[in-house]
Structure formats: C-alpha cells, structure tokens
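1. predicted model, plus sequence, below.
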Amino acid sequence: MPVRMTGMISGLDTDYLIQTMIEAQRMKNKRVEDKSTLLTWKQDRWKELNTKLYKLYTEDLNKMRLQGSYLTKLTTSSNESLVNANAKSNAATGTHTLQINSLASAQSLTGGNLDSTTTASTKLTDLSISEGTIITVSHKGENKTLEVTADTTIADFVDVAKSAGLNANFDDTYKRLYISSKDSGTANGFEITASNGLELENLGLGSKVDIVNATNSEIVYNGVTYTGSSNIFNINGMEMTLKGEKPGETIYLNVESNTKGVYDMVKKFVTSYNDILKEMNELYYAPSSRGYDPLSDDEKEQMTEKEIDKWEDKIKDSILRNDSSLGSLLSSMKTSMMTSVEVDGVRYSLSSFGIQTSANYKENGLLHIFGDEDDAEYGMRTDKLLAALGEDPDKVMEVLSKISQNLYSTMADKMKAIPNVRSAFTFYNDKTMSKQQTDYAKKIAQLEAKLLETEDKYYKQFAAMETAM
C-alpha cells in the first residue's frame with residue numbers, strides 16, 4: 001500500500017473527505033451486494049421447498065396414482081400362532097383353508113466331545129487321522145475335499161466345510177464341531193465322508209455325532225397338498241409364513257378388501273398435500289418486507305444477534321412473495337386437484353367422495369375429508385369416502401388414481417429440465433439463478449476494483465495539493 005499524506009500541511013482531514021466523496025460509490029456497491037444476498041436467500045428457500053415438493057411427488061402422490069395401491073387386502077387367521085398370512089393384491093377374497101402337516105428344517109450335526117487339549121489349531125494327525133486320508137464334504141451336488149497332511153488342522157477342515165456352503169465352527173469351550181446347512185429342506189442336506197471312514201470317529205464325526213436330518217414343509221391349502229424346502233409359501237397371491245405344525249387342524253384364513261388401509265392412504269396424502277400447499281401459500285402471499293434491506297457490517301455492529309435474526313427473517317419470510325414460478329405451480333396444483341374425470345360414462349371429482357375445499361377462501365385450496373375424525377371443522381359431516389370405499393371400491397380407485405395422475409403429470413411437467421434455465425426434477429429456474437449469482441460476483445469484483453481505484457485517485461490528488469503547499 002502506498003504512503004499517503006493526510007493533511008499534514010493543509011490541516012484537512014483528508015481521510016474523512018475522501019471517504020465522504022466515495023460514499024455514493026460504496027452505496028452503489030452495496031446495492032449489488034444486497035441483490036446477491038437476496039438471491040442467495042431465495043435459492044436456499046427454493047431448495048428447501050423443492051425437496052418437500054419432490055418428496056410429495058415420489059411418495060404419497062405416487063402411491064395415490066397407482067391402482068395397485070388401492071388393492072391391498074386384509075387377512076385374518078384363526079390361529080396366528082401357527083401361521084402368519086399376508087394377502088397380496090391378486091389374492092382372492094373370501095375364506096381359505098390351511099393345514100400344516102410339517103415344517104421345513106435344516107440339517108445339522110453336533111460332533112462328539114474331543115480331548116480337553118484340542119483346539120482349532122490341533123493337527124488332524126495328532127487326532128490319529130492318517131496322512132493321505134481324503135475327507136469329502138458333499139452339499140447340493142458338489143464335493144469339496146481335504147487331503148490330510150502333517151500340517152492339516154481342525155481349522156482347515158472347518159474352512160473346507162464353509163467353502164461347501166455350510167455353517168461350520170469348532171467350539172473351543174465344548175471341544176465339539178458344529179456343522180449345519182444354511183437353508184432348510186432335504187435338497188439342502190449334506191454328507192461328510194472319508195477315504196478311511198473309521199478315522200472320522202477321531203474328529204468326533206463318526207457314531208458319536210448327533211444329527212438332525214433336514215425335512216421339507218408340507219401343507220394342504222384349499223384341499224391341495226404342497227411341499228417346499230422353506231416355511232414360506234406364496235400361492236395365488238397368498239403369502240403364508242409357517243410358525244408351527246399341527247396335523248389335522250384346519251386353519252381358516254379370511255381375506256377381504258382393506259378399506260381402512262386405503263382410507264388411511266388417502267388421508268395421509270391429503271395431509272401431505274395440505275402441508276406443502278399451506279407452506280406455498282404462506283410464501284407466495286407473504287406480507288411485504290419493503291424497507292428491509294440486508295444489513296451492512298456497520299449496521300450489524302449496532303444490533304444484537306436477536307435483532308439481526310429478526311430483521312433478516314422478515315426478509316427471508318417474504319423472499320418468494322409473488323414469485324412467478326411459485327405462483328404458476330400453486331395455480332396448476334390446485335387446478336389439477338379440482339378437475340373431474342370420467343368413469344363408466346359419469347364424471348366424478350374429489351368432492352364426489354367428500355373431499356373438497358373449505359368455504360373459507362383464506363385457506364387457499366386446502367382439502368378436507370368430510371367425516372375425518374381428526375378434522376375439527378368437518379369431522380361431524382357424513383363420511384362419503386369411507387362409504388364409497390365400502391360400496392364400490394373399484395370406482396373410488398379409478399377416480400382417485402386418475403385425479404392423482406393429473407397432479408403427478410402437472411408436477412412432472414413443472415420440473416422438466418430446460419437448457420440453461422432449469423435442471424431436471426427442479427421446480428424453479430436454478431440454472432438462471434446460478435448464472436445471475438455469477439454475474440453479481442463479477443459485478444461486485446469490478447465495482448470493488450473501481451472503488452479502490454477512485455479512492456487511490458483522490459489520495460493522489462490531495463497528496464499533490466499538500467506537496468504544492
């Protein structure tokens with residue numbers, strides 16, 4: 001920085017005079033800086049809102065538009081201790097019969113107790129198993145072999161059993177081998193043999209072994225016998241997980257349309273839709289923050305942190321006031337939900353099933369479900385939605401899925417990528433804003449350089465005057 005003469009001869013307060021002279025330039029700089037700050041706050045608010053909108057789009061709204069979401073079934077069992085039944089959308093409604101004759105189990109063996117000094121690192125030859133003995137583990141049609149050498153250990157045998165796809169371990173506390181199939185059913189059984197069979201006794205795998213043989217499951221469902229290697233059966237849309245067996249007992253599985261489940265899904269969507277719509281309304285119709293500009297560093301020094309936050313929150317709360325992108329999206333979403341669709345030659349809307357907006361215009365399009373016990377204003381009205389789901393669930397499904405698809409398509413269109421304007425899955429012009437922010441940064445740098453240049457020029461002029469005097 002150059003040495004500056006500051007009124008030593010003239011007696012003038014040149015620093016004050018120069019700072020006063022460039023104050024207009026500083027104000028010009030701040031106006032651009034303020035625009036950059038406001039744009040940053042606007043970007044942040046849009047990012048937050050965009051995340052919530054996209055969540056509505058991909059979760060609750062996506063479920064509402066898919067007819068499969070309405071085809072859920074409710075299943076009850078006469079003996080929950082023996083079977084857990086879950087009817088899928090294609091399961092036939094009505095009563096189904098089930099008998100559980102046997103459960104599937106995995107083969108397992110517990111080896112005989114070995115000498116107390118035995119560990120996983122004990123060599124097989126120390127157990128009197130001859131060098132050259134071939135031990136074979138057979139599982140699922142494949143054989144894994146181990147040739148015993150002077151250095152082969154129990155741990156080596158365990159590794160071979162594991163490589164064959166089995167659970168295997170030597171328990172050092174109880175001095176036993178534990179081996180089992182990973183899957184149940186006779187097809188998943190295994191066998192361990194040796195070229196000198198008698199020597200398996202020395203490994204605890206001969207006559208001393210305690211074996212639990214693999215078994216298949218067997219059920220009789222609606223009069224037809226089925227067998228399987230697991231305890232889970234999927235038959236014509238019915239998933240049954242067996243938990244116990246009791247041959248001769250008939251279990252009754254009742255399948256019916258899950259009216260409450262569908263009602264709760266619709267209610268959850270309405271709640272999510274109202275939450276995001278309310279927030280959008282508050283942002284778009286926010287009170288003006290005219291007279292509030294971003295604070296300068298000097299201004300912040302004169303305020304408390306609480307005062308600064310209150311000042312900036314006033315601006316941030318209105319940052320999307322009358323925003324064109326937000327206004328367009330709001331209008332389109334409301335319109336989509338108010339449309340009617342045709343089913344079997346008759347037109348229906350949400351209001352046909354008691355889902356409609358309030359007479360209070362200040363709610364700006366929020367939805368209510370008549371008869372919803374959680375709605376203080378409309379909870380006492382007749383619950384048309386629940387009644388319709390009980391009387392004609394297919395009609396409700398088709399109407400609501402079509403209207404939801406309208407909203408889904410509207411939102412998809414509003415977040416299509418536009419080159420140099422908007423990224424995909426974005427409801428606002430993020431690329432345009434980024435370009436503006438880059439331009440502001442360049443402009444601020446140019447103005448700052450100009451300010452320093454002007455300031456230096458004035459100092460030189462005053463220095464020349466001081467020299468002349």
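-> The structure has been received and is ready for your questions.

2. going along the chain, name the strands of the stretch 251-400 of the chain.
-> Assigned by DSSP state E, counting those that start in this stretch, the stretch 251-400 of the chain shows strands spanning 251-257, 341-343, 346-348, 355-357, 367-369.

3. list just the one of the ones you listed that sits closest to residue 182.
-> Of all the strands of the stretch 251-400 of the chain, the one in closest proximity to residue 182, counting by C-beta to C-beta, is strand 251-257 (28.9 Å). In this view, the C-beta of every residue, glycine as well, is placed from N, C-alpha and C.

4. now do that closest one: which elements does it pack against?
-> strand 73-77, strand 83-87, strand 94-102, strand 238-242 (3 or more C-beta pairs under 8 Å, 6 or more residues apart in numbering; DSSP states H and E).

5. tilt between the third one and strand 238-242?
-> Going back to what we said before, that points to strand 94-102. 30 degrees (axes from the mean of the first three to the mean of the last three C-alpha atoms, to 10 degrees).

6. the following helix or strand past strand 94-102: partners in the sheet, and parallel or antiparallel?
-> As assigned by DSSP states H and E, the chain's next helix or strand after strand 94-102 is strand 108-110. Paired neighbours of strand 108-110 in the sheet (DSSP bridges): strand 176-181 (antiparallel), strand 210-212 (antiparallel).

7. return the set of buried residues in the first one.
-> What it means is strand 176-181. 176-177, 179-181 (16 or more other C-beta atoms under 10 Å).

8. reformat these as JSON lines; add distance to residue 125.
-> Converted to JSON lines, these look like this (distance: C-beta to C-beta, whole Å):
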{"residue": "176", "distance to residue 125": "20"}
{"residue": "177", "distance to residue 125": "17"}
{"residue": "179", "distance to residue 125": "21"}
{"residue": "180", "distance to residue 125": "27"}
{"residue": "181", "distance to residue 125": "29"}
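
9. can you give me the helices in the stretch 301-450 of the chain?
-> Assigned helices in the stretch 301-450 of the chain, in chain order: 305-317, 324-338, 384-391, 393-414, 430-468 (criterion: DSSP state H, counting those that start in this stretch).

10. quick one: closest of those to residue 286.
-> Once the helices of the stretch 301-450 of the chain are compared by C-beta to C-beta, helix 305-317 is nearest, at 5.6 Å.

11. what's that closest one packed up against?
-> Packing partners of helix 305-317 (3+ C-beta pairs under 8 Å, 6+ apart): helix 23-58.

12. if you count neighbours, what's buried in the helix or strand just after the helix it packs on?
-> Scanning forward in sequence from helix 23-58 by DSSP H and E, the next helix or strand is helix 60-65. Neighbour-count burial for helix 60-65, counted by 16+ other C-beta under 10 Å, picks out 60-61, 63-65.

13. dump the helices of the stretch 301-450 of the chain to a markdown table, plus mean pLDDT and mean neighbour count.
-> Formatted as a markdown table, the helices of the stretch 301-450 of the chain follow (pLDDT from 0 to 100; neighbours: other C-beta atoms under 10 Å):
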| stretch | mean pLDDT | mean neighbour count |
| --- | --- | --- |
| helix 305-317 | 95 | 14 |
| helix 324-338 | 96 | 17 |
| helix 384-391 | 94 | 18 |
| helix 393-414 | 96 | 19 |
| helix 430-468 | 78 | 14 |
